[in-house]
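Asker: Sequence below, structure please.
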Amino acid sequence: MAQNQIGNNTTASSPFVTASGVVYFQGTDNKLWKVNGDGTGQTQIGTNKTKSTPFVFADPLTGEWVYFQGTDKKLWKVRGDSAGTDLTQIGTNKTNSTPFVTFDSSTGDVWVYFQGTDNKLWKVKNDGAGSDLTQIGTNKTKSTPFVFSDPVTGEWVYFQGTDDKLWKVRGDSAGTDLTQIGTNTTKSTPFVTFVSSTSTVWVYFQGTDNKLWKVNNDSAGSGLLNIGQNKTNSTPFVTPDGWVYFQGTDNRLLKVFNDGTQGSQLGGNTTASTPIVNRIGLSDGTVEEWVYFQGTDNKLWRYFQLVGGNQAQFTAKQNGWHFDNSFVNHIIGSLETQGLCGGMAYSALDYYFNDLPIPTHRQGDFGGSPVPPGGRLHSMIFNRLIDSFADNFGKWSCIYPGLDQVVAAGLGLVIGGIGGGLVGAFLGGVYGVLHEVFECPGGGPAGMTRQELPNLIQNFLDKGIPAPIGLIYDSDIFNIGLSHQVVAYGYSMSGTTMTINIYDNRYHDDECTLVLDAANPGTIEQNSATYGKEYWAGLLVSDGYRPQWPSYGPDISIASPQSLQLSGPVVTGPISVRAEPATATTASRSRPGSLAAGLNQIVMMAQQQQAIGDVIVDAYSVRNYGEFPAHYASLGIEIFAPDGSQSFAQAPAPAGDNQIAPGDTVGVTINVASFGSVLGNYELIAGFNSVGLDIQNNAGPGAWNQILYPPASVAAASSPIV
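Answerer: Now for the predicted structure:
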């Protein structure tokens, strides 16, 4: 990590940084400056002054220009040299904020979008005449517009209305397709990105409640998410790889991944406005992160760090249990564990590696108490707790050398000769040799951490494989019950500071982190939204874990299979379909819910065929096979097309949280008005959308879960079928 004040400069607003690292900014004297990121090459651009952040744009016809709002509010452009060459007022226009500039490759025109001093939303060509000045509809804005062209729907102008509503509109004089994005309101300019893998446009913004939000750009405002429950004082900045940088309401300089995980402060820095970021991916997988910002001291700063890390597709909210681990167990003699932590960690991974949706039971479904003993769910978790202890006994006994004697006393056994040899039975199950051969590293908990970090990173997290880990409270055998087991599923690096993402089963649906110095491991700091900070003496990797088929199974599953009703001429013929669960391994899983990971046996069934674009109706029913209430947001189907694309069709749901009592069945009918877009065979997988939760059990974004059952199959043929 490194940081420098850029020269001795101070700035009155966010800087503008080019791809080559040249920084343009409004000085605290309002002069228009540029400087290299290392502080060299400082130049005042002519004698110009500006009231806001400049906007630098290089078009392929006339080259690079600096566009800015003068202190006289006139809309200017100028070359970026010391002479201020070619200073040009664009027409007679004036603006209340920074302009936004684009290039139309089809016409060769450069367009300048701006907030007029009348707050009207304008665009104009960048020539001295101010050609083709156009008010975009009758719209008005309170800040700089953000113009973004996505490859699916084309160019839109996104803006904060004078009513604070979040709008998008086409950039013509009619203000075509004016759309409020949901019912959202914003306090500043939005920031827009496009995710090519899902063809989704996301709008990031500061709500009028100061919360940091993202939302899809449709009129429904779908996918609305308060990112990590954060708040911001200004427009966020979002990088193409999904990192959100922002000014907290406490002015801390913060970053968070766009799903709300991996939040951190950059150094101890504070900022007075939106930061500007360049992230450069290197061939070794690490990333150069350059963050430029206006400090709360108004100094112009540059922060640099080399970052790395990786994330598995496991998350606490989607793949963790939705209730807390509040059990206390006396396993063997005086050996007490903190709840069923190892069993909850192991069983959550069992569902993940077998591509099964974890049961939807949540806090409050058990009559105000933990999962009651004696049932299938408690038995499965408890048995996996015993497995977690047995599988990793050698490592734990390195931390607690008296563990052999405690277990032996509880089992009524004796310790064998050199090499361990603690053999016995517990609850009728033969464990074999518990004290496996393991070379203790020495150095107590910190020494164990030092040895285990490369194992965790290289053998698991860098490969995208989540792993159970043990958190060591201390090395006192009487405190072994205060140690804990969780699931690690990702990490990031900031210098030598490592942040590990964990699912901590004590805090349901809470994305927790561990923070430590990877170069010199000592005390490990845990952060959670539920309970704040906690501290651990060390960690170990529970790499004795092996996936098992979870005996409890999913709660929501098929009661009656899909029945397709086709329209128009229909023909049938044989087709091969994959079915039945595969054997899970930690290395072979492709993604949550993936067809390839969950289905592998080949069976034959009748294929139905209808014309492209005809109506299709899919009906099936689901049952709650669990012991407690099940929850879903909606039922639907995932459609796999012959061109490799995927789509979803869902039935209207009665409520945001629909409950199914144990043993009850719910039927669903899904109408697809125009089925199929390309010729070939389609597979339809039944599934459900979970009820998204936050740590208070409030609704949030859910997740799609496939129900592992042989898919329905239908072929789309040219119309009409002969």
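
Asker: Run through the stretch 451-600 of the chain and note the low-pLDDT ranges.
Answerer: Applying pLDDT under 70 to the stretch 451-600 of the chain flags residues 495, 568-600.

Asker: What segments of this structure are helices?
Answerer: Assigned helices in the chain, in chain order: 316-319, 341-353, 376-391, 393-399, 403-411, 444-459, 595-598 (criterion: DSSP state H).

Asker: of those, which approaches Ala488 most closely?
Answerer: Closest approach to Ala488 among the helices of the chain is made by helix 444-459 (6.3 Å; C-beta to C-beta). Any C-beta I mention is one placed from the backbone N, CA and C, and that applies to glycine too.

Asker: what's that closest one in contact with?
Answerer: The contact list for helix 444-459 (C-beta atoms under 8 Å, 6 or more residues apart in numbering) reads 395, 398-399, 441, 443, 465, 467, 469, 472, 474-475, 488, 491, 498, 500, 516, 518, 521-522, 524, 536-541, 543.

Asker: on that earlier part again, among the helices of the chain, which is nearest Gln5?
Answerer: Between those, helix 444-459 lies closest to Gln5; by C-beta to C-beta that is 34.0 Å.

Asker: Now do the buried residues in that closest one.
Answerer: Pro445, Ala446, Gly447, Met448, Thr449, Arg450, Gln451, Glu452, Leu453, Leu456, Ile457 (16 or more other C-beta atoms under 10 Å).

Asker: In JSON lines: the residues you listed, plus distance to Pro373.
Answerer: Putting the buried residues of helix 444-459 into JSON lines (distance: C-beta to C-beta, whole Å) gives the following:
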{"residue": "Pro445", "distance to Pro373": "32"}
{"residue": "Ala446", "distance to Pro373": "37"}
{"residue": "Gly447", "distance to Pro373": "38"}
{"residue": "Met448", "distance to Pro373": "33"}
{"residue": "Thr449", "distance to Pro373": "34"}
{"residue": "Arg450", "distance to Pro373": "39"}
{"residue": "Gln451", "distance to Pro373": "37"}
{"residue": "Glu452", "distance to Pro373": "33"}
{"residue": "Leu453", "distance to Pro373": "37"}
{"residue": "Leu456", "distance to Pro373": "33"}
{"residue": "Ile457", "distance to Pro373": "38"}
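
Asker: Just the closest of the residues you listed to Ala129, please.
Answerer: Using C-beta to C-beta, the buried residues of helix 444-459 come closest to Ala129 at Ile457, 60.2 Å.

Asker: separation between the spatially most central residue of the chain and Phe323?
Answerer: Centroid-nearest residue in the chain: Asp259, 2.7 Å away (criterion: C-alpha atoms, centre = their mean). Asp259 sits 22 Å away from Phe323, going by C-beta to C-beta, to the nearest Å.

Asker: Could you do Thr92 as well?
Answerer: Distance from Thr92 to Phe323, by C-beta to C-beta: 65 Å.

Asker: what about these two, which has more around it?
Answerer: Phe323 (21 against 10; other C-beta atoms under 10 Å).

Asker: so that one touches Arg362, yeah?
Answerer: Yes: contact criterion C-beta atoms under 8 Å: Phe323 and Arg362 qualify, at 5.6 Å.

Asker: Count the neighbours of Asn325 for me.
Answerer: Neighbour number of Asn325 under other C-beta under 10 Å is 25.
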